[in-house]
Structure formats: structure tokens, C-alpha cells
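> just coords:
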């Protein structure tokens, strides 16, 4: 049996970086930036000692439930298929991106920075969508490691089809199983990569606002205006899985 409609906000999209050659998912946000995710179960940890998600901090696995809002917020990266970061010795890294569709397995809170975003303590990746520039061998590596379907083409219609197909397959039992499943220990590659970026971290490549595409500037201004409006509370049902 599929999830009850009040769980609809549990499903959502995340943007990731992809590490070429190994084709692992890297988070584009947080500290350290570009930390490697080694499993389809993504767990959040709070350095402030709070239970995730907490109203006292912004920690959590962040996602956007509404596809149109996700495309509004991340459309620039989805269109170009990559993101730029400053790496070691201020070298610019141009990394391909991926979008994942998944489900929040625990309590859900609103994000404190992005109006349409939510955050949870555990997010289960259900499918990944990559740019058409990612070849079949790389897609197979992602599929084999994360054990989820991988499709190419970051178009609105492709993402909508993924969301419709995958959300209808998750039951209440699946959600409970994801929530109770033990965390997967990071493998050696993940440990080595994350230790390296702790010592020599990436930092975001942030262009001046005037250099951003017009649709991104409009999105930022729209988000600023919407923040001034009243934001209703989430449904009480989302407090527990």
C-alpha cells in the first residue's frame, strides 16, 4: 500500500555533485563542503549536540518537496549540468551534478534559509537523475554502488516521471524499514576523501549577483519577498514517520 497523502511532503529532491572517475555523490552544502555520501541512506549529524532536525540550528538532510520549486532554486545548475568550487590552492573544480529523488524517514522541519526546503535526520535516495553528458559506464557505477535506478536528462518531464513512478512504490512498511535500518559504515574511499577535505576544504564559487542569469536573479528576489510573508506550520503528521 502506498503512503497516505499526508506523507507527500516526505518525498523530495536534492542536488549533489558527482566525483568523476569514482562517480560518488558529494554534498554541495555544509561543512565540510563536498563531503562524500557512500550509501543511499543519508544520515545527518549535528555538531551542536541537537537532535536532528532541531529548531535551534539548521542541521539536517535538506531537500525540496516540490519539483517546480526545486527547479526554480537549482535550475541554473540543472541547465548547465555542473557546479564550480574552489579547491586546493584555489584551483577551480568543475564537477558534474546529479539530482536525487528520495524520502525523509524521520521527523521533518522547515529549512531556515531556503523557503521551500525541508530537512530531516535521514533521507533515503530512491532514484538519481544525471546530465546526458554522463556516459553509460558512469551511470552503471552509480547504479551499482547506490543500488537505485539512474536516468539521464535533467528535464522537468523526466524528473516528474521519476517522482511519479518512485513515490508510488514506497509503503508505510518501507518507510519504517528505512528508518530502522542500521547506518552503512563509510567505505575506505569515503573515509579518505572526507579526511582530505577536512584538512584542505573546498569553498563555494560564488559569482557576483549581477553575473547570475536573469532567471536566478528573479528567483532570489522572489524568495526574498516570500520570506516576508507568513510561513504556515508543517502538518503535525510529519513529526513522526
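Yep, that arrived. A quick note: this is a predicted structure, and the numbers were derived from the prediction, not measured.
> Show me the helices in this protein, by range?
67-80, 136-146, 156-167, 172-180, 188-199, 214-227 (DSSP state H).
> of all those, which lies closest to residue 93?
With distances scored as CB to CB, the stretch of those nearest to residue 93 is helix 188-199 (11.2 Å). (Each C-beta comes from the backbone N, C-alpha and C, glycine too.)
> Give me the angle between the closest one and helix 136-146.
90 degrees (axes from the mean of the first three to the mean of the last three CA atoms, to 10 degrees).
> how far does helix 188-199 sit from the chain's center?
20 Å (CA atoms, centre = their mean, to the nearest Å).
> Give the buried residues for that helix.
Under the neighbour-count criterion of 16 or more other CB atoms under 10 Å, helix 188-199 has 190, 193-194, 197 buried.
> Quick check: which helices or strands does that helix pack against?
strand 24-26, strand 36-37 (3 or more CB pairs under 8 Å, 6 or more residues apart in numbering; DSSP states H and E).
> looking at the protein, which helix or strand is least sure?
Ranked by mean pLDDT, DSSP states H and E, the weakest helix or strand in the chain is strand 203-204, scoring a mean of 60.
> Going by length in residues, pull out the top strand of this structure.
The residue-count maximum for a strand in the chain (DSSP state E) belongs to strand 92-104.
> Adjacent strands (with direction) for that one?
Counting by DSSP bridges, the strands paired with strand 92-104 are strand 11-19 (antiparallel), strand 82-86 (antiparallel), strand 122-130 (antiparallel).
> Quick check: which of these is nearest to residue 37?
That would be strand 11-19 among the strands paired with strand 92-104, by CB to CB, at 7.4 Å.
> Next, the angle helix 156-167 makes with that closest one.
Using the same axes, to 10 degrees: strand 11-19 against helix 156-167 is 110 degrees.
> mean confidence score for strand 11-19?
Averaged over strand 11-19, pLDDT sits at 95.
> Taking helix 67-80 as reference, get the angle to it.
20 degrees.
> for strand 11-19, which positions count as buried?
Result for strand 11-19 [16+ other CB under 10 Å]: buried residues 11-19.
> And for stretch 155-162?
Result for stretch 155-162 [16+ other CB under 10 Å]: buried residues 159, 162.
> Give me the contact list for it.
Applying CB atoms under 8 Å, 6 or more residues apart in numbering, the contact partners of stretch 155-162 are 13, 67-68, 70-71, 99, 101, 127, 129, 149, 151.
> go on, stretch 108-122?
9-10, 12, 41-44, 51-55, 58-66, 69-70, 72-73, 104-107, 178-179, 223, 226-227, 231, 234, 238-239.
> So, low pLDDT: which residues of this structure?
1-6, 87-91, 201, 203-213, 215-216, 219-220, 223-241 (pLDDT under 70).
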